[in-house]
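> I would like the atomic coordinates for the input below:
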Amino acid sequence: MNEHRQAPTSLLAPKSLADTLPPHAWFCVSALFHYLGPAFAVLLFSQVGVLGMAWLRIATAALVFAPLTRPWRVLAGADWRTRRLLLVFGACLAIMNCSFYLALARLPISTVATIEFVGTIGVALWGARSSRNLAALAIAVVGTLMLVDMSWSNDPRGLFWAFLNGALFVGYIILGHRVAASGAGGGIAGLGAAMTVAFLVVLPLGLGEALPAFSSPSLLLAAVGVGICSSVIPYICDQLAMARLPRASFALMLSLLPVVATLIGALVLGQIPSPRDCLGIALVVAGVAIHRPALPVAQRLEPKPTSP
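A predicted model of the protein is given here:
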């Protein structure tokens, strides 16, 4: 049974693009832009600064969402539980983006992306303690150790930010599904409210480093483009996919993202992974692909049919 039921629509009402395209298509668009934007952001670190670029990314997304979703109305009209969910989701987005960029400033994008997904397997093992999930976690841990072995002595700070980003990415998936299930428009209105919260959280951290962009129109335009590619397009596509995909299917498709990050890192940044890195990435991808997320509580409690 699909976890996300669609509201009935009139046969005479035309389907929107969000309903016409399959959720897997939205996920593929998200996968492409999820790392394409950050790859271009790395090229701007020397001019704007890492936290400045993170703030510009979030600020761009918040400004794009504001007139479309009116986040002040969403937050004001929400009940206290939904408002708390959006505040926590926004804080998670803010810290996750900052730690992601701080990791990218020190480590290859393929390494950061691969570490990002180890936590999803750990959560699956916690929710569904099976031999399959235990094997998936073991495979992913071996792959991760192959990736971090050389980086640990060279840049432990970069690994710290990468693992923090990975932990927060788990929160993003869990909270994102809750927002997608509870919000109108596939959760886009809730996403806009959360992005406004993220903007306020990062404001004191990144505004100072972002100031040089405001004196250079070309640099500001590039930063805005990075923000749209990094946050607006992938986060909207994630919400549209999460609203229609079961969590198990969404988690399975996450295994594609380290591969996408490796290809983009090679093409855009010239970061060619070593054979050891490729093997480590392949092991993590295999672990993410074979793990089985826990069923929702309601589905776990459903009585199993008895044979006559």
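> what's the helix or strand for V74?
Using DSSP states H and E, V74 sits within helix 71-77.
> what comes up buried for that helix?
By 16 or more other Cβ atoms under 10 Å, the buried positions in helix 71-77 come out as P71, V74, L75. In this view, the C-beta of every residue, glycine as well, is placed from N, C-alpha and C.
> same check on stretch 52-66?
By neighbour count, with 16+ other Cβ under 10 Å as the criterion, the buried positions of stretch 52-66 are 52-62, 64-66.
> again, but for stretch 268-278
For stretch 268-278, by 16+ other Cβ under 10 Å, it's V268, L269, Q271, P273, D277.
> inside helices: which ones of these?
Those of the buried residues of stretch 268-278 mapping onto helices are V268, D277, per DSSP state H.
> spit out the contact partners of A41.
The contact partners of A41, taken as Cβ atoms under 8 Å, 6 or more residues apart in numbering, are M53, R57, Y101, L104, V226, S230.
> show the pLDDT at it.
pLDDT for A41: 89.
> which parts of the helix or strand hosting G166 are buried?
Using DSSP H and E, G166 maps to helix 156-182. By 16+ other Cβ under 10 Å, the buried positions in helix 156-182 come out as 158-159, 161-173, 175-180.
> so how far is L107 from A41?
According to Cβ to Cβ, to the nearest Å, A41 stands 14 Å off from L107.
> one step back: which secondary structure elements does the helix holding V74 contact?
helix 80-104, helix 188-210 (3 or more Cβ pairs under 8 Å, 6 or more residues apart in numbering; DSSP states H and E).
> repeat that with 7 Å
helix 188-210 (3 or more Cβ pairs under 7 Å, 6 or more residues apart in numbering; DSSP states H and E).
> in TSV, list the buried residues of stretch 52-66 along with distance to I281, secondary structure and pLDDT.
Formatted as TSV, these follow (distance: Cβ to Cβ, whole Å; DSSP: H, G, I helix; E, B strand; the rest coil; pLDDT from 0 to 100):
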residue	distance to I281	secondary structure	pLDDT
G52	30	helix	93
M53	25	helix	93
A54	25	helix	92
W55	30	helix	93
L56	29	helix	92
R57	25	helix	90
I58	28	helix	92
A59	32	helix	93
T60	30	helix	92
A61	28	helix	89
A62	33	helix	92
V64	32	helix	89
F65	33	helix	87
A66	38	helix	89
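> closest to L145 out of those residues?
A54 (28.3 Å; Cβ to Cβ).
> was I right about the closest one contacting Y101?
Yes - here A54 lies in contact with Y101, judged by Cβ atoms under 7 Å, at a distance of 4.6 Å.
> which stretches of the stretch 201-308 of the chain form helices?
Along the stretch 201-308 of the chain, counting by DSSP state H, counting those that start in this stretch, helices occupy 217-227, 233-242, 247-253, 257-268, 275-290, 297-300.
> may I see these organised as a markdown table, with mean pLDDT added?
Converted to a markdown table, the helices of the stretch 201-308 of the chain look like this (pLDDT from 0 to 100):
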| stretch | mean pLDDT |
| --- | --- |
| helix 217-227 | 90 |
| helix 233-242 | 81 |
| helix 247-253 | 65 |
| helix 257-268 | 84 |
| helix 275-290 | 82 |
| helix 297-300 | 44 |
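> wait, which of those is closest to P23?
That would be, of the helices of the stretch 201-308 of the chain and by Cβ to Cβ, helix 233-242, which comes in at 4.5 Å.
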